[in-house]
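Asker: Starting from these lines, generate the structure:
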Amino acid sequence: MENLELKKFFLCLIFLVFVTEHADSATLYVSVDGNDKWSGRLSQPNKENADGPLASLTGARDAIRRLKSHKPLTEPLRVIISEGTYAMEEPFVLTAADSGTKECPISYEAGAGSRPIFTGRRVISGFNRSVNDIWQTQIPEVAKGKWYFEQLYVNGRRVIRAREPNRFYFYMGATNEVPIEQGKDVYRRTTLVRTDAIDVLKKVSSEELGDVTLVAYHKWNITKRFINGIDPAANTIITVGEKLKDYSSWDPNTRFHLENFKAALDSSGEW
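Answerer: Numbering: from 1, shown residues only. Down below sits the predicted model:
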């Protein structure tokens, strides 16, 4: 009797080991403590074996591609993502080649009780207080033209880009556009504005003018364009871009504001 019970115990143990290994083979783990060079089979790092979870969605996707290149999936495959903030330097792309099948679907899901966050943010540090209580830092990638950004968050709150006017808007007059080069959708638009907008732009140096952004609110659209030039005598602003659609043109009294220049940095919370 004892031998029979012992045999049952070993049979159950063998079955348990088989089920566990079988389940592990159909599950990959992703963790902020992971490494895309690891197998992703373990939910926690194992320093002794230099193995553990993967570090990114891309790492998991590529691991699945390698699995599928050896043989077709024979069971559903789950990617379990643990709690944490995952920095992304490029979009996460899935193609038809990354699909599962009806019998063997592939799923990406948060672990039990987890709320992972995926973000394309970059942390900016090294700020120092300057004159007039303005905080400044140097970003070498921006200075070299390798990086440009239009949004800034401080302590999780999106802050306002330096703009004029601080409240409400400027308003356009007549505007027209002409093609710059035949056969290409690039047009020079000349827009009549009131003197209040021109007076603001007169404060901007010629070196800085090309960084000033005109933000127009027309119909249901918002269009952003860098300013290519101004004509103070004619009260006009010149921008270059694609031809506007007839149903969404810049009509007289179209609202707009100007942003991204030092003279507009005059209110607390702007950058």
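
Asker: hmm, which helix or strand of this structure has the shakiest average pLDDT?
Answerer: Within the chain, no helix or strand scores below helix 2-25, which has a mean of 41 by mean pLDDT, DSSP states H and E.

Asker: Next SSE downstream of that one?
Answerer: strand 27-30 (DSSP states H and E).

Asker: Look up how far Pro76 lies from the most centrally placed residue in the chain.
Answerer: Among the residues of the chain, Gly120 comes closest to the average C-alpha position under CA atoms, centre = their mean, at 4.2 Å. To Pro76, Gly120 is 30 Å away according to CB to CB, to the nearest Å. Every residue, glycine included, has its C-beta placed from N, CA and C.

Asker: okay, now the domains of the protein?
Answerer: 17-119, 128-158, 163-264 (automatic domain parsing).

Asker: okay, those in CSV with distance to Glu270 and mean neighbour count next?
Answerer: Shown next, in CSV, are those (distance: least, CB to CB, whole Å; neighbours: other CB atoms under 10 Å):
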stretch, distance to Glu270, mean neighbour count
domain 17-119, 23, 14
domain 128-158, 10, 9
domain 163-264, 7, 15
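
Asker: Nearest to Trp271 among these would be which one?
Answerer: domain 128-158 (5.1 Å; CB to CB).

Asker: Which strand or helix spans Phe256?
Answerer: Here Phe256 is assigned to strand 255-259, by DSSP H and E.

Asker: For that strand, which strands pair with it and how are they oriented?
Answerer: Next to strand 255-259 in the sheet, as set by DSSP bridges, lie strand 163-164 (antiparallel), strand 170-179 (antiparallel), strand 213-218 (antiparallel).

Asker: okay if I get the domains of the chain as CSV plus distance to Trp271?
Answerer: Formatted as CSV, these follow (distance: least, CB to CB, whole Å):
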stretch, distance to Trp271
domain 17-119, 19
domain 128-158, 5
domain 163-264, 9
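
Asker: check which helix or strand covers Thr190.
Answerer: In this structure, Thr190 is located in strand 187-193 according to DSSP H and E.

Asker: counting contacts, what elements does the helix or strand just after that strand pack onto?
Answerer: For strand 187-193, the following helix or strand on the C-terminal side (DSSP H and E) is helix 195-201. Applying 3 or more CB pairs under 8 Å, 6 or more residues apart in numbering; DSSP states H and E, one finds that helix 195-201 contacts strand 221-231, strand 236-241, strand 255-259.

Asker: Grab the CA positions of stretch 63-80 and hand them over as PDB.
Answerer: Output in PDB follows, covering the C-alpha atoms of stretch 63-80 (Å, rounded to 0.1, in the frame of the first residue of the first chain):
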ATOM      1  CA  ALA A  63      12.000  37.000 -28.300                       C
ATOM      2  CA  ILE A  64       8.600  35.800 -29.700                       C
ATOM      3  CA  ARG A  65       9.900  36.300 -33.300                       C
ATOM      4  CA  ARG A  66      12.900  34.100 -32.500                       C
ATOM      5  CA  LEU A  67      10.600  31.400 -31.000                       C
ATOM      6  CA  LYS A  68       8.400  31.500 -34.100                       C
ATOM      7  CA  SER A  69      11.400  31.300 -36.400                       C
ATOM      8  CA  HIS A  70      12.300  27.900 -34.900                       C
ATOM      9  CA  LYS A  71       8.800  26.400 -34.900                       C
ATOM     10  CA  PRO A  72       5.200  27.400 -35.000                       C
ATOM     11  CA  LEU A  73       3.400  28.100 -31.700                       C
ATOM     12  CA  THR A  74       1.600  25.100 -30.300                       C
ATOM     13  CA  GLU A  75      -0.200  26.900 -27.400                       C
ATOM     14  CA  PRO A  76      -1.200  30.500 -26.400                       C
ATOM     15  CA  LEU A  77       1.700  32.700 -25.500                       C
ATOM     16  CA  ARG A  78       1.300  35.500 -22.800                       C
ATOM     17  CA  VAL A  79       3.600  38.400 -22.200                       C
ATOM     18  CA  ILE A  80       3.200  39.500 -18.500                       C
END
